[in-house]
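Asker: Predicted model and sequence follow; I will ask about them next.
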Amino acid sequence: MNLSKLDAGVVLVDKPAGPTSFAVVQRLRHLLGIKKIGHAGTLDPFASGLLILCIGRPATRHIDQFMAGQKTYQAVVQLGQETTTLDPEGQVTAVKPVPKLTEQELATLLQNFVGPQMQAPPAYSAAKHQGKPLYDYARQGIIIKKEAKLIEIYSLELTQYAADVAQLSFTVSCSRGTYIRVLAADIGCKIGCGGYLTALRRTRSGDFRVDEAVLGSLLFSSDSEAALTALEEKMLTVEQALTS
């Protein structure tokens, strides 16, 4: 195995639900013996899908560039309930009846959210206030409201509506900085029953796709040799990543 090939470059990882994005970084640091590793865009622990990992200084200095592209997600919204964090990691704060809805009505409703719009980061997020993430304040009961920023939803398509459990699934393509949790809550508010994001999977970021990624489950397995082989096979040079 050519370990020198793994000293610098970009590798795509399909993060499983459960570990934090930082845990994936730490696992790569352990496997490769390299400290200078960063990710180009985090995923919440409950979320799965594409993480762009930059290995070595030649790659990490381009993190902002790798983060800039359009993102695509598959999401599931639980209607009729609201949580403190707008996702399954929070406490349920409200339960409301869900109106009878057809898939056509929902598909039409979702189109109201397509286009440029202002969106503020949620209280439980990594957005910073005075050098600390908002979730640090929120966990202490201090809710910091940040100024809304311009984002854009390029497309938003209903993929399924399971009326028996009141779960709405959609695929969304959006700009960098879009919080799908906020979008999910806004959809629930528009319907009139509330809602929270119960599942999320990132399938694309810029020109990078999750089907080109190393399985995160392999990285966390006991087979370090197989993990290193997969990393060597999938690793992109910085030049390849910048032109992909």
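Answerer: Received the coordinates, thanks.

Asker: before we move on, which element is the residue most central in space within the chain in?
Answerer: Geometric centre of the chain, nearest residue: residue 43, 3.9 Å, by Cα atoms, centre = their mean. Under the criterion DSSP states H and E, no helix or strand holds residue 43.

Asker: Correct me if wrong: it contacts residue 49.
Answerer: Yes: counting by Cβ atoms under 8 Å, residue 43 does reach residue 49; the two are 6.5 Å apart. C-beta: built from backbone N, CA, C; applies to glycine.

Asker: between the two, what contacts are shared?
Answerer: Common contacts of residue 43 and residue 49 (Cβ atoms under 8 Å, 6 or more residues apart in numbering): 15, 200, 202.

Asker: how far away is the nearest residue to the second one once chain neighbours are set aside from residue 180?
Answerer: Read that as residue 200. Leaving out its chain neighbours, the residue that sits closest to residue 200 by Cβ to Cβ, 6 or more residues apart in numbering is residue 47, at 4.0 Å. Residue 47 sits 9 Å away from residue 180, going by Cβ to Cβ, to the nearest Å.

Asker: same check, this time on residue 195
Answerer: From residue 195 to residue 180 the distance is 12 Å (Cβ to Cβ).

Asker: With neighbour numbers in mind, choose between those two.
Answerer: residue 195 (27 against 23; other Cβ atoms under 10 Å).

Asker: Is it correct that the more buried one is in contact with residue 187?
Answerer: Yes: using Cβ under 8 Å, residue 195 is in contact with residue 187, at 5.9 Å.

Asker: Between those two, which contacts overlap?
Answerer: Common neighbours of residue 195 and residue 187 (Cβ under 8 Å, 6+ apart) are 77, 168.

Asker: Find the residues that touch each one of residue 47 and residue 180.
Answerer: Contact with both residue 47 and residue 180 is made by residues residue 200, according to Cβ under 8 Å, 6+ apart.

Asker: Pull the residues that contact stretch 199-209.
Answerer: Contacts with stretch 199-209, where a contact means Cβ under 8 Å, 6+ apart, come from 12, 17, 40-41, 43-44, 46-52, 66-76, 87-88, 173, 180, 210-211, 244.

Asker: May I see the PyMOL selection of the buried members of those residues?
Answerer: A single PyMOL command selects the buried members of these (16 or more other Cβ atoms under 10 Å):
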select buried, resi 12+17+40+41+43+44+47+48+49+50+51+52+66+67+69+70+71+72+73+74+75+76+87+88+173+180+210
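
Asker: All good on my end, thank you.
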